[in-house]
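Participant: here is my input, please return the structure:
(one chain, ligands or ions: 1)
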Amino acid sequence: MMKKLIKTILLITLTLSCSKISVVNRDGGKDASAQPQTKVTEQKKELTLKEKVEKDLNSIKAETAVVPKKFVRVKNTKKVNKFCKKISKKFLNYGWGHSRCNSFKWNHVRNSVWGDPLMWVTFGDEKAHKEKPKNMTMVLCGVHGDEITPVKFCYDILHHLHNHLTEERLKDNLIVVVPVVNPDSFFKRWPTRTNARGVDVNRNFPTKDWNKKAQKIWRTRYRKDKRRNPGKKSVSEPETLFQVNLIKRYKPNKIISVHAPLTIIDYDGPTVSNLDFHSVAHKANNLLIQMSKKAKGYRIKNYPFFPGSLGNYAGNERNIPTFTLELPSSDNRRHKEFWGTFKSSIHYALFHAPMTNKIVLNEKSEDEEQKKSN
Ligand SMILES: [Zn+2]
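Facilitator: Presented below is the predicted three-dimensional model:
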């Protein structure tokens, strides 16, 4: 009994002297009354840590509840792995959680101006598509580096596909997802619309009117607005060539290009008055309406296309139905809301809206050129 009492007294003295030392060390021995306060703060710190751990555990539980399939790391090139690390860091900075970049098999042929890989993920059998065309959808995000929510949106699509693709669906569909078309601008400390050389990648496509109009319109109508610089010549930028080659290689029968913040969905492509493409136009129009309906009646607006823009190159000149989805904002905090709004529109567009396109299928592929440039 006596021994126990001595032990307890010793323990108390030890604890007191210990906390005293810490107070003396922190406050230079000037303020003895700081002692109890320190204890309270320490207690508080401990509680916050506990709360943090609990919160983390809860979030993991929530995540596993929504994500039925496990994300497993797959083998990619060193360059891609390095890029994935960069993406993951950005994701954490923006409060977007895990990118799971490493769980996807990336294709990569060329690089951005500053040397980042321009990469995409393919879902489905490309070889079979060449023999018998499938419902081929191409999704492009991060064309303008300062529109950051589209990048997260494309990753949401990747995660969705990872969880919802079945053998059955893969039979008829081929999907290409490009989450960051313009990585140089996205990774800048202060992201910009234009690429590393100050060119708007979405004014740099080799459209028929480019030589005659692109520079002229930029100088007169836009008074050399830096944000809309079409470049010195068409397809001068690797990020443009990258998209051109993807279109030629995969021959999509529809393209979904995600931007922000105009809060509209816009369509470029054949219209019903075009007799050669009457059926495609009809289907595209239906899809436009469905996409809007499934997103709480999201506003459809016919936004004009420009010399060198994707809508002009793919939609107008190649008759590939091109849907530009302009998210409501570039605010990184609203990413969940945006995915929630458009999830079923995207799902519908990818799996339930097949269209065929005769002309694009006849255009020569530049696969060989792509391979050479590797
Ligand atoms: Zn944009």
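Participant: which residues in the protein form helices?
Facilitator: 2-27, 34-66, 78-93, 126-131, 149-164, 167-172, 183-186, 215-220, 238-250, 278-294, 310, 335-351, 358-362, 367-373 (DSSP state H).
Participant: and the third one, which residues are buried?
Facilitator: What that stands for is helix 78-93. Neighbour counts over helix 78-93 (16 or more other C-beta atoms under 10 Å) mark Val80, Phe83, Cys84, Lys86, Ile87, Ser88, Lys90, Phe91 as buried. Every C-beta, even on glycine, is put in place using the N, C-alpha and C of the backbone.
Participant: got it, and the fifth one?
Facilitator: Of the residues in helix 149-164, those scored as buried under the neighbour-count criterion (16+ other C-beta under 10 Å) are 149-162.
Participant: enumerate the residues of the stretch 51-200 of the chain near the ion.
Facilitator: His144, Glu147 (C-beta under 5 Å from the ion).
Participant: check the stretch 51-200 of the chain for the residue nearest the ion and tell me.
Facilitator: Nearest to the ion in the stretch 51-200 of the chain, going by C-beta to the ion, is His144, at a distance of 3.7 Å.
Participant: over to the stretch 201-350 of the chain?
Facilitator: For the stretch 201-350 of the chain and the ion, the shortest gap (C-beta to the ion) falls at His259, measuring 3.4 Å.
Participant: contacts only, for the residue nearest to the spatial centre of the chain.
Facilitator: Residue closest to the average C-alpha location in the chain (C-alpha atoms, centre = their mean): Val151, at 2.0 Å. Residues counted as contacts of Val151 (C-beta atoms under 8 Å, 6 or more residues apart in numbering) are Cys141, Gly142, Pro179, Val180, Phe186.
Participant: same question for Trp120.
Facilitator: Contacts of Trp120 were listed using C-beta under 8 Å, 6+ apart, and they are Trp106, Asn107, His108, Val176, Val177, Val178, Leu246.
Participant: distance of it relative to Ile175?
Facilitator: Distance, Trp120 to Ile175, using C-beta to C-beta, to the nearest Å: 10 Å.
Participant: for Arg228, same thing?
Facilitator: In this view, Arg228 and Ile175 are 30 Å apart by C-beta to C-beta.
Participant: any low-confidence regions in this structure?
Facilitator: The chain contains residues with pLDDT under 70 at 1-68, 357-374.
Participant: how close does Pro150 get to Leu288?
Facilitator: 19 Å.
Participant: my guess is His347 meets Leu161, correct?
Facilitator: No - in terms of C-beta atoms under 8 Å, His347 does not count as a neighbour of Leu161; the distance is 9.4 Å.
Participant: flag every residue of the stretch 201-350 of the chain that's near the ion.
Facilitator: His259.
Participant: circling back: would you agree the residue of the stretch 51-200 of the chain closest to the ion is in contact with Asn202?
Facilitator: Yes - counting by C-beta under 8 Å, His144 does reach Asn202; the two are 6.9 Å apart.
Participant: who's more crowded, those two?
Facilitator: The neighbour comparison of His144 against Asn202 (other C-beta atoms under 10 Å) goes to Asn202, with 29 against 24.
Participant: what's near enough to touch that one?
Facilitator: The contact partners of Asn202, taken as C-beta under 8 Å, 6+ apart, are Val143, His144, Phe306, Gly308, Ser309, Leu310.
Participant: residues contacting Val177?
Facilitator: Contact analysis of Val177 by C-beta under 8 Å, 6+ apart lists Trp120, Val121, Phe123, Val139, Cys141, Cys154, Ile157, Leu158, Leu161.
Participant: quickly list what it is bridged to.
Facilitator: The partner list for Val177 in beta bridges (DSSP bridges) reads Val121, Val139.
Participant: how close does Asn253 get to Lys301?
Facilitator: 23 Å.
Participant: neighbour count for those two, which is higher?
Facilitator: A count of neighbours by other C-beta under 10 Å puts Asn253 above the other of Asn253 and Lys301, at 26 against 13.
Participant: can you pull the phi/psi pair for that one?
Facilitator: phi -100, psi 0 (degrees, to the nearest 10).
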